[in-house]
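Q: got a predicted structure here, sequence first:
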Amino acid sequence: MSEKSTEQKNHTEKREFENNVSSDSTHESCPECSGQIINDGARGETTCKECGIVFDEEILDRGPEWRAFNSTETKNRSRAGAPLTHLMHDKGLSTTIGWQDKDARGNPIPSDRRKELQRLRTWDERFRTKNAQERNLKQALGEIERMASALDLPENVRETAGVLYRRAVEEELLPGRSIESVATASLYAATRQLDSPRTLVEFSNVSRVEERPIQRAYRYISRELNLKIEPTDPVQYVPQFASKLELSSEVEHVACDLLETAKAQGLHSGKSPSGLAAAALYAASHLTNDALTQQMVSNVANVSKVTIRDRYPELLEAKEK
């Protein structure tokens, strides 16, 4: 056999061996003893926990070379950029010129160069939005961030609202409607989707538009985007109302029991969830001798005293059945 053919044969056998090893390492269990396959990061090996057979070795560690034990250390040691976010029109991919008048070493910039730097900031801000759609997104996402901060909404709700607004822009749902109304409706829909509901009155208080345009925009985008949003459970309003009223856990527990009983009997159908939650807290406060006035509950829940007065007898009656 010639030297060339021998070399080709050895190369083929080596490739087959590597393929067999790599295919074995993808098994969920060891093909020899059916044991568990584990990845040993310290040794850089993939081995069987039972028989010790090595499937892969000298694995590259693609993680960072440093360790961090809290979020502050992670932020300080990480050299990668910020994660992508739907709360910026460019998803956070572009860079900005900082507002501090300092250079890369932290030294103050001379006064004769500050005007030039300010002009650069202005042009940088202009070039970040290349067309009308990006300018629209920038304004709307800024509004979503502002309202979410005012309502103290979690980060996942803000991101979802940004995604919904982007979809509305892509589907060309904005003509004929204000940016503020669609942005507020997107944030309201996000809270409903992620079970962090707020009342429409709360949104109208922090928005630049009235409640009626928000309602119309919400119904429109939920229909056009085919959003599957279940009716709000009145129990979800109880914790936030109870927290604002500084009620005990006992009152909150009794209010939830009243609402669960009413739901089992179908009394919640067609009624305002926030109104039912407010009435349940009012009734529970009287049952636990921690009486609240209807005005106190009305101010916190943003529902009328008439609603509370009409609903709480129904909840008490359902409890007695």
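A: In hand now; what should we look at? Keep in mind that this is a model prediction, so the values were computed, not measured.
Q: now do the strands in the chain.
A: Secondary structure of the chain, counting by DSSP state E: strands at 37-40, 45-48, 54-56.
Q: least trustworthy helix or strand in this structure by mean pLDDT?
A: helix 3-24 (a mean of 48; mean pLDDT, DSSP states H and E).
Q: tally of neighbours for Gln236?
A: By the other C-beta atoms under 10 Å criterion, the neighbourhood of Gln236 contains 17 residues. In this view, the C-beta of every residue, glycine as well, is placed from N, C-alpha and C.
Q: got a list of what it touches?
A: Applying C-beta atoms under 8 Å, 6 or more residues apart in numbering to Gln236 gives the contacts Asp195, Ser196, Pro197, Pro273, Ala277.
Q: can you turn the buried part of those residues into a PyMOL selection?
A: Selecting only the buried members of the contacts of Gln236 in PyMOL, with burial defined as 16 or more other C-beta atoms under 10 Å, works like this:
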select buried, resi 196+197+273+277
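Q: what is the nearest of the contacts of Gln236 to Glu320?
A: Ranking these by separation from Glu320, with C-beta to C-beta as the measure, puts Ala277 on top at 20.1 Å.
Q: my read: the closest one touches Leu258, true?
A: No. Assessed by C-beta atoms under 8 Å, Ala277 is found out of contact with Leu258, at 9.8 Å.
Q: ignoring the adjacent residues along the chain, who's closest to Thr232?
A: Leaving out its chain neighbours, the residue that sits closest to Thr232 by C-beta to C-beta, 6 or more residues apart in numbering is Pro273, at 4.4 Å.
Q: how close does the one you found get to Ala301?
A: Between Pro273 and Ala301 the computed distance is 10 Å (C-beta to C-beta, to the nearest Å).
Q: common neighbours of those two, please.
A: Contact criterion C-beta under 8 Å, 6+ apart; residues shared by Pro273 and Ala301: Tyr237.
Q: which residue ranges of the stretch 51-200 of the chain form helices?
A: Counting by DSSP state H, counting those that start in this stretch, the stretch 51-200 of the chain forms helices over residues 71-77, 111-128, 132-151, 155-170, 179-193, 200-206, given from the N-terminal end onward.
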